[in-house]
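>>> starting from these lines, generate the structure:
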Amino acid sequence: MYTTKILSKFTIGVVLLTLFISSCKEVDKYNQKPELESLRQGIKACTAIGYCGSLVYAAANGYPLPANVSHTNGSSLIYVNINESYPLPFNNNIGDIAIAFKWSGNSGVMSILYADIDIIGGNIKLYGLQTVPIMKQAGENLTAIFAKQDIIVGSGSDTILNIGNMTDIAFDTEIGRLNSTKPGDSFVAAKQNVWFVDIDQNSTYSNVYDDDFIITGGGQIAEVIGESGGIIYHGMINTRINYTRCNLNPISGLALSQNFKAGGEPYVDLGNSLLSFDNNCDGKAHVEISTGKYLYYNGKDVSLNLR
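Numbers count the residues shown, from 1 in each chain. Sure, this is the predicted structure:
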C-alpha cells in the first residue's frame, strides 16, 4: 500500500512536470520577439530615396545645396560625399553617392549608385536603383515612387547612371507611375513591393536633415528569412521621418511586420505585429497588436536598431 502511494505521487509529479514543461514550450511558441529586419530595410532604403530626391529637386531648380554635394549648373549628375559631418540618415557608413537625373517641368527621373555605403545592412547589399520618378505636387511637397524591380541588390554596374539617353516616351512612362494609388492599409502594402516617399523640404534646400519624409508602401527590399523559416514582409502607412527631430526612429505613423511560411500560396500566417511610432526618440516602436509567434509582445516596446 505504501509503495502504491509513493508510485501514485511519483506519477502525479511526472504528469505535473510534463504539463509544466509543455506549458513553458507553449509560452515560448508565442513569445518570439517581432522580427523587424524587413521593416528596417524598408525604412533605410526609403529614407535614402527621400534624401536623394530632395537633392535632385534642389539641383534641378538651382537652389543651394549642402556642402557635401557637388553639382555643376546644367549638369545632370550629382555627387554626394557621405561622412561623419554629413551622414546618410540611419547609416553609419562613409562613402559616396552618384545620382544621375533628367528633369522636365515639375517632374523628373533619377538613377542612384551607392559606393562603399551599405544601405540596408546584413549579408545583402543594395547597390543602387535604376529609375525613380519624382514629381512636385501642389504646394511644396515632392513624391517619389520605386518598386522592387527598380532595386539593384548584390553587384551592379555604373550603366545605371546612363539616364541622359532616356527617351521622352520612357520618361513619360516613368512619371506615369506616380499616378498609382497609395495603399491605405498596411496589410495590403506588405504585398505590393511598391513604396511612395513624400518629401517636404520645409523650404530649406541646403539642409536635407530637416526634411519630412512620409513613407507609404511595403513588401521586401531584399528577402528576409525569419527564425521560424518564414519570409518576413513589411508595410508602412504614413511613416514620418525627420532626422533633425529624431535620428533613431520614425516620429509618427504605422508599420507592419508579417511572417509568412515559405512555399507560396496560400499564405500561412506565422505571426504579425502592428507597430506605431512616436517622437520620444528612444529608438523604439510600440507594438499595438501582435499575433501568432509574437502574441506575448502585445503592448510592449521593441527596439528598431536602425543605427
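
>>> hey, where'd the helices end up in the stretch 151-300 of the chain?
Secondary structure of the stretch 151-300 of the chain (DSSP state H, counting those that start in this stretch): helices at 168-176, 186-189.

>>> please identify the deepest-packed of those.
Highest mean neighbour count of those: helix 186-189, a mean of 20 (counted as mean count of other CB atoms under 10 Å). C-beta here means a position set from N, CA and C on the backbone, and glycine is covered the same way.

>>> list the contacts of that one.
183, 216-219, 235-237, 254-256, 258, 274 (CB atoms under 8 Å, 6 or more residues apart in numbering).

>>> ditto for stretch 121-128
The contact list for stretch 121-128 (CB under 8 Å, 6+ apart) reads 37, 40-41, 44-45, 111-114, 118-120, 151-156, 160, 221-223.

>>> what are the buried residues along it?
The neighbour-count check on stretch 121-128 (16 or more other CB atoms under 10 Å) flags 121, 125, 126, 127, 128 as buried.

>>> just the pLDDT at the first one, thanks.
If you check residue 121, the pLDDT there is 75.

>>> for this protein, what spans make up the strands?
69-70, 77-82, 95-104, 107-115, 126-136, 142-147, 151-153, 194-200, 212-219, 231-241, 252-260, 269-276, 284-290, 301-303 (DSSP state E).

>>> for these, which has the smallest mean pLDDT value?
strand 151-153 (a mean of 84).

>>> so how far is it off the chain centroid?
14 Å (CA atoms, centre = their mean, to the nearest Å).

>>> hmm, who's touching that strand?
The contact list for strand 151-153 (CB under 8 Å, 6+ apart) reads 45, 124, 125, 126, 127, 128, 129, 130, 160, 221, 222.

>>> quick one on the thing from earlier: ok, so of the buried residues of stretch 121-128, who is nearest residue 107?
residue 128 (20.8 Å; CB to CB).

>>> looking at the contacts of strand 151-153, which is nearest residue 297?
Each of the contacts of strand 151-153 was scored against residue 297 by CB to CB, and residue 221 proved nearest at 23.4 Å.

>>> so who does that closest one touch?
For residue 221, counting by CB under 8 Å, 6+ apart, the contacting residues are 38, 41, 42, 45, 120, 126, 148, 151, 153.

>>> show me which of these are buried.
Neighbour counting with 16+ other CB under 10 Å marks 38, 41, 42, 45, 120, 126, 151, 153 as buried within the contacts of residue 221.

>>> picking up where we left off before, how about CSV for the helices of the stretch 151-300 of the chain, with mean pLDDT and distance to residue 136 added?
Below are the helices of the stretch 151-300 of the chain laid out as CSV (pLDDT from 0 to 100; distance: least, CB to CB, whole Å):
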stretch, mean pLDDT, distance to residue 136
helix 168-176, 87, 11
helix 186-189, 86, 24
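
>>> how about JSON lines for these, with distance to residue 248 added?
Output for the helices of the stretch 151-300 of the chain, formatted as JSON lines (distance: least, CB to CB, whole Å):
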{"stretch": "helix 168-176", "distance to residue 248": "34"}
{"stretch": "helix 186-189", "distance to residue 248": "22"}
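
>>> and of these, who's closest to residue 207?
helix 168-176 (27.2 Å).

>>> which elements pack onto that closest one?
Packing partners of helix 168-176 (3 or more CB pairs under 8 Å, 6 or more residues apart in numbering; DSSP states H and E): strand 107-115, strand 126-136.

>>> pick the most deeply packed of those strands.
The highest mean neighbour count among the helices and strands packed on helix 168-176, using mean count of other CB under 10 Å, belongs to strand 107-115: a mean of 24.

>>> angle of that one against strand 95-104?
Strand 107-115 and strand 95-104 are oriented at 160 degrees to each other (axes from the mean of the first three to the mean of the last three CA atoms, to 10 degrees).

>>> tell me the angle strand 107-115 makes with strand 142-147.
Computed by the same axes, to 10 degrees, the angle separating strand 107-115 from strand 142-147 equals 60 degrees.

>>> packing partners for strand 107-115?
Partner elements for strand 107-115 (3+ CB pairs under 8 Å, 6+ apart): helix 37-60, strand 95-104, strand 126-136, helix 168-176.
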